[in-house]
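Asker: sequence and computational prediction follow.
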Amino acid sequence: MTDMPQDKVDVILDKLLQNAAFDGWTDQAVKIAVRSLDLQEGAEHIYAAGGALGLMRRWSNRLDTEMAARLSALDLETMRIRDKVTEAVWIRLELLRGHEDAARRAMARLSLPDANAQGAAQLWASADAIWTAIGDRSEDYNYYTKRAILSGVIGASLLAWLSGDNDDKAEARAFLQRRIENVMQFEKAKAQTLGAVSGLPKPEEFIHLFRGPQSGRKRRRARRC
């Protein structure tokens, strides 16, 4: 049996990545990968119980972890937020080099109805990993809106990155920068709006103002009946 010093799940994943361009992300492809590694019969049920989709999730998580590690080596304290986010997304995309076809097949698999939710969850996890890596401390709705918006940026930028023919991916980089700029303009407008309305009465106070007198009149009419 093949000597495997690293985790067997990652060994199976690495073999699947080599073949994914041809075999796709299917449970049959997982069996083929296991068979080529000379593992025991049925090893995929032991080490890859989640099948191809489980291995795909592991790959995405592994890339997120590697992205955070590489990002931590940068001097983040001197960078603007938009530059931190741009660099983080770009690092995440560049980690796909050498596995472009596997990534395309993964996107095709995740577009199917039974995997739609996993695709959205992976994008959210990547967005969360990026915001966390750059030190985001937002709470409440800001926590969710930042990650939801960045999920969309990552997904669109991934399409641009995979469709780019040139090695430096200049067009994909420019696309990403434009999307991040749009996000930052939205965040600025949102902050200005929140600041403008911060001194206004709360919605329940408006309701009280409008309903109070009417309720009083209704009560007086009721007493006259």
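Answerer: Good, I have the coordinates. Numbers count the residues shown, from 1 in each chain.
Asker: which parts of this protein are helices?
Answerer: In the chain, the helices defined using DSSP state H lie at 8-23, 27-36, 43-47, 51-72, 81-94, 100-110, 116-133, 140-163, 170-197, 203-224.
Asker: format these as TSV; extra columns: mean pLDDT.
Answerer: Output for the helices of the chain, formatted as TSV (pLDDT from 0 to 100):
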stretch	mean pLDDT
helix 8-23	94
helix 27-36	93
helix 43-47	89
helix 51-72	97
helix 81-94	97
helix 100-110	96
helix 116-133	97
helix 140-163	94
helix 170-197	77
helix 203-224	47
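Asker: now these in JSON lines, with mean neighbour count?
Answerer: For glycine as for every other residue, the C-beta is placed from the backbone atoms N, C-alpha and C. Output for these, formatted as JSON lines (neighbours: other CB atoms under 10 Å):
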{"stretch": "helix 8-23", "mean neighbour count": "18"}
{"stretch": "helix 27-36", "mean neighbour count": "19"}
{"stretch": "helix 43-47", "mean neighbour count": "17"}
{"stretch": "helix 51-72", "mean neighbour count": "18"}
{"stretch": "helix 81-94", "mean neighbour count": "20"}
{"stretch": "helix 100-110", "mean neighbour count": "18"}
{"stretch": "helix 116-133", "mean neighbour count": "18"}
{"stretch": "helix 140-163", "mean neighbour count": "17"}
{"stretch": "helix 170-197", "mean neighbour count": "14"}
{"stretch": "helix 203-224", "mean neighbour count": "9"}
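Asker: contacts only, for the closest residue in space to residue 104 that isn't next to it in sequence.
Answerer: Excluding the flanking residues, the one nearest residue 104 by CB to CB, 6 or more residues apart in numbering is residue 162, at 5.9 Å. By CB atoms under 8 Å, 6 or more residues apart in numbering, the contact list for residue 162 reads 96, 100, 103-104, 107.
Asker: roughly how far does residue 162 sit from residue 79?
Answerer: Going from residue 162 to residue 79 by CB to CB, to the nearest Å gives 26 Å.
Asker: and if you look at residue 56?
Answerer: Counting by CB to CB, the gap from residue 56 to residue 79 is 31 Å.
Asker: all set, thanks.
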